[in-house]
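Visitor: Below is the sequence, then the predicted model.
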Amino acid sequence: MSDNVYAITEVVGSSTDSVEDAIDNAVATAAQTLRNLEWFEIGQIRGHIVNGQVEHYQVYVRLGLRYERQ
């Protein structure tokens, strides 16, 4: 591994289908506007319950962005 420097940003992904889809949504959306995304880490996982059923998943995702060297 080279001597890289990273910034960390947090986003919350959501999905009505699964935790994995919530993570995918978070990363894909962030990648549309952020460069050099290199890793992610899951923080909290939350959900919304309606009538005794899981209705919605929310996942807090920390993203590592590599700084570009000049």
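Guide: Noted; the coordinates are in hand. Here the structure is a predicted model, which means the values were calculated and not measured.

Visitor: Low-confidence ranges, the chain, go.
Guide: Residue ranges of the chain with pLDDT under 70: 1.

Visitor: Helices of that one, residue ranges please.
Guide: Taking DSSP state H as the criterion, the chain carries its helices at 19-31.

Visitor: most centrally placed residue in it?
Guide: residue 61 (3.4 Å; Cα atoms, centre = their mean).

Visitor: check contacts around that one.
Guide: By Cβ atoms under 8 Å, 6 or more residues apart in numbering, residue 61 lies in contact with 10, 11, 12, 13, 23, 26, 27, 40, 41, 42, 43. To be clear about C-beta, it is placed using only N, CA and C from the backbone, and glycine gets the same treatment.

Visitor: Okay, the fourth one and residue 40: tell me how far apart.
Guide: When distance is defined by Cβ to Cβ, to the nearest Å, residue 13 is 10 Å away from residue 40.

Visitor: and if you look at residue 54?
Guide: As for residue 54, its distance to residue 40 is 22 Å (criterion: Cβ to Cβ).

Visitor: Just want to know which of these two has more residues nearby.
Guide: Remark: of residue 54 and residue 40, residue 40 carries more neighbours, 16 against 12, as counted by other Cβ atoms under 10 Å.

Visitor: right, and the more buried one touches residue 65 too?
Guide: No. If you go by Cβ atoms under 8 Å, residue 40 and residue 65 don't touch, sitting 10.6 Å apart.

Visitor: Count residues in the vicinity of the nearest residue to residue 9 once chain neighbours are set aside, would you?
Guide: The spatially closest residue to residue 9, leaving aside those adjacent along the chain, is residue 63, at 5.2 Å (Cβ to Cβ, 6 or more residues apart in numbering). Other residues near residue 63 number 20, with proximity taken as other Cβ under 10 Å.
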